[in-house]
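Sequence plus predicted model, see below.
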Amino acid sequence: MKKKRRINLTAVFCAPFLFLGLLCIFSAGWYLRVFGRMSYIAMITTLTFNAGSTEKGMLLSYVTGGLLPAVGAWGICMFLLFCPAKRRVVLKGKEKGKGIRLFPLPRWLAATVSAVMTGVLIFVAAKEVDLISYFKYIYSKPTTFFEERNTDPKQTGITFPENKRNLIVIYLESMETSFLSEKYHGGNDVDPMPELCRLAKENINFSQNETVGGFASPYGTDWTIAALIASTSGVPLKLPDRFLANGNEFGSDGKLLPGVTTLNDILKENGYYQAFMCGSDATFGNRKLYFEEHGVDDVFDLLTAREEGFVPKDYEVWWGIEDEKLFEYAKLKLTEMSKGDKPFAFSMLTADTHHVGGYYCRLCQNKFPERYENVIACSSRQVYAFVNWLKKQDFYEDTAIVILGDHPTMDNEFVTENITPGYDRRVYNCFINSSVKVGRIKYREVSTFDMFPTILAAMGCEIAGDRLGLGCNLFSLEDTLLEEMGKAELNGKLAEKSEYYNKFY
């Protein structure tokens, strides 16, 4: 009669905790390889905000780079710690009959090793992705930075010109000036974006140098939804104090920063028809929620493109539709909007230059050794062609056009291998057909926040005091917060707890 093998209850109890620890450490490693070192708030919102239909390649990347290695390591650890082997490996002592069993370990010792490993792995993973800073933030004392430095648009006089100008804002995913060659103070050996460089030189480009430069992404602005919020409201995206304790509250009640007065709120009050367009599912990252909450009339995305028959019902590449089709979709909607009886404000967000490696479309060419550089070059050509199309339209003369990168690229491997180490990475900006053409343009230290009042100024608006939110009108002679405080101090202040932010925003 065969002897029944007893279930190792110790192994059963330890297995899920050990897997959790290993999953945390491998997930943290994958996240850092893909996204680089971001703030904890960017990490939390990236992983918890409405995911919509995320790009399949990203999910596959996580499965192969995070999940499967964790499963493999878990299997090996479980075997080494709890394997019910008949043959034992014993380190014998000097005295006869005494020794230390090395394999398999005694259950009490295996459980102890498993518990210690789990704790250490989770702690190291949290430290690597800066999650520990969030818990420090929770127990920190609130400061009065926002009360002291924020300028409430509701309490600020904003005067529109008699003939209101249209607005087009083109957000370019991950487009930064470090992609430029060193000739233009970039951090690259090659120049994959000559067209965008030409637009910046021929029009208005706010720069930290004398040629083509850009703006910094302070704390709370360095990922897409946060950049969209900061550039249209002048404030960062911060988490509620009890975010982790109460679950993902941001946006769960159908509201996202309802107390903030944004560019779109102001334009709505002044009779503008407004639309936002992206090639992916706009619910991803709560983008649709944010814009609809703040006065945007229509949001066009992958889903509307399918519904309207612009693309087939089952069409999907990369994050949804590639930029080539996105620009054609934009032309269609802009043509319709220009025939209305209201001034219009149209903003759009590209996606082909999203990490990792970007989307290599049929228009891409193989001029550069790196795939990502070829995708950037393709994006540069497409934007230039789109601007030239805009210049031929009847509404062009009455339209301010703003081209902005949203944040520095998160393609960490590309940056590490191709950008000059220590390079001060900035985000691309270009103002075309601005009502204002004078001001302190070069040798400026500017940030995402400053885009909010500067966009209004480019439309011909006069702003009392030249400040909105935490931003400064760059066409004025006022200093920005970045110029006053420096990057380190500003980021430190933005990271502090704020009762004002939680209460009013």
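That came through fine. Numbers count the residues shown, from 1 in each chain.

Need phi/psi at Ala216.
In terms of degrees, to the nearest 10, the main-chain angles of Ala216 are phi -90, psi 150.

pretty sure it contacts Thr480?
No: using C-beta atoms under 8 Å, Ala216 is not in contact with Thr480; the gap is 9.7 Å. From N, CA and C alone the C-beta is placed, and that goes for glycine too.

can you list residues touching both of those two?
Contact criterion C-beta atoms under 8 Å, 6 or more residues apart in numbering; residues bridging Ala216 and Thr480 by contacting each: 445-447.

and stretch 360-376, how far apart are its ends?
Start-to-end span of stretch 360-376 (C-alpha to C-alpha, to the nearest Å) is 10 Å.

which residues touch it?
With contact meaning C-beta under 8 Å, 6+ apart, stretch 360-376 is reached by 175, 179, 188, 190, 192-193, 322-324, 352-353, 357-359, 377-378, 381-382, 411, 414, 418.

Any stretches of the stretch 101-250 of the chain with poor pLDDT?
Where the stretch 101-250 of the chain drops to pLDDT under 70, the residues are 101-105, 240-250.

The same query, at a cut-off of 90, please.
Applying pLDDT under 90 to the stretch 101-250 of the chain flags residues 101-115, 117-119, 121-143, 180-191, 210-211, 222, 238-250.

give the contact list for the closest residue to Leu20 other than its chain neighbours.
Distances taken as C-beta to C-beta, 6 or more residues apart in numbering place Thr118 nearest to Leu20, at 6.7 Å, with adjacent residues excluded. Contact partners of Thr118, counting by C-beta under 8 Å, 6+ apart, are 14, 17-18, 20-21.

Thr118 and Ala125: what is the separation?
In this view, Thr118 and Ala125 are 11 Å apart by C-beta to C-beta, to the nearest Å.

which residues are in contact with both of the two?
Gly21.

Could you break this structure into its assigned domains?
As assigned by automatic domain parsing, the chain contains the domains 9-138, 151-504.

Between the two ends of the first one, what distance do you get?
Read it as domain 9-138. End-to-end distance (C-alpha to C-alpha), domain 9-138: 38 Å.

just to revisit the earlier point, closest to Phe79 out of the shared contacts of Ala216 and Thr480?
Nearest to Phe79 among the shared contacts of Ala216 and Thr480: Ser447, at 52.0 Å, using C-beta to C-beta.

The closest one contacts Leu481, doesn't it?
Yes: with contact defined as C-beta under 8 Å, Ser447 reaches Leu481; the gap is 7.1 Å.

Among these two, which residue is more densely surrounded?
Ser447 (27 against 24; other C-beta atoms under 10 Å).

Contact partners for the more buried one?
Ser447 neighbours (C-beta under 8 Å, 6+ apart): 215-218, 221, 471, 480-482, 490.

Can you flag which of the contacts of stretch 360-376 belong to helices?
Members of the contacts of stretch 360-376 lying in helices (criterion: DSSP state H): 323-324, 377-378, 381-382, 414, 418.

Show the pLDDT at Glu307.
The confidence metric pLDDT takes the value 96 at Glu307.

Next, count neighbours for it.
12.

and what of the one 5 residues further on?
Burial of Pro312, expressed as a neighbour count using other C-beta under 10 Å, amounts to 9.

Check which helix or strand the closest residue to it other than its chain neighbours maps to.
Nearest residue to Pro312, sequence neighbours excluded (C-beta to C-beta, 6+ apart): Arg306, at 7.3 Å. For Arg306, the host element (DSSP states H and E) is helix 302-307.

what's the helix or strand for the residue nearest to Phe414 when sequence neighbours are not counted?
Nearest-residue entry for Phe414: Tyr372, 4.9 Å, with adjacent residues in sequence omitted and distances by C-beta to C-beta, 6+ apart. Using DSSP H and E, Tyr372 falls within helix 371-391.

The very next helix or strand once past that helix packs against which elements?
Proceeding C-terminally, helix 371-391 gives way to strand 399-405 as the next helix or strand, assigned by DSSP H and E. Under the contact criterion of 3 or more C-beta pairs under 8 Å, 6 or more residues apart in numbering; DSSP states H and E, strand 399-405 touches strand 166-172, helix 371-391, strand 427-432, helix 451-458.

Any idea how far the longest one is from the middle of the chain?
Spelled out, it's helix 371-391. Remark: helix 371-391 is offset 21 Å from the chain centroid, using C-alpha atoms, centre = their mean, to the nearest Å.

Let's check: the centremost residue of the chain is which one?
What sits nearest the mean C-alpha location of the chain, by C-alpha atoms, centre = their mean, is Trp223, with 1.5 Å.

Test my guess that Asn286 contacts Leu237.
No: with contact defined as C-beta under 8 Å, Asn286 does not reach Leu237; the gap is 9.9 Å.

Give me the buried stretch members for the helix or strand that contains Lys136, please.
Per DSSP H and E, Lys136 falls inside helix 131-138. Judged by neighbour count (16 or more other C-beta atoms under 10 Å), helix 131-138 contains these buried residues: 131, 133-134, 137.

now do stretch 435-451
Buried, per 16+ other C-beta under 10 Å, within stretch 435-451: 436, 439-440, 444-451.

Nearest to Phe146 among those?
Of those, the one sitting nearest to Phe146 (C-beta to C-beta) turns out to be Phe449, at 12.0 Å.
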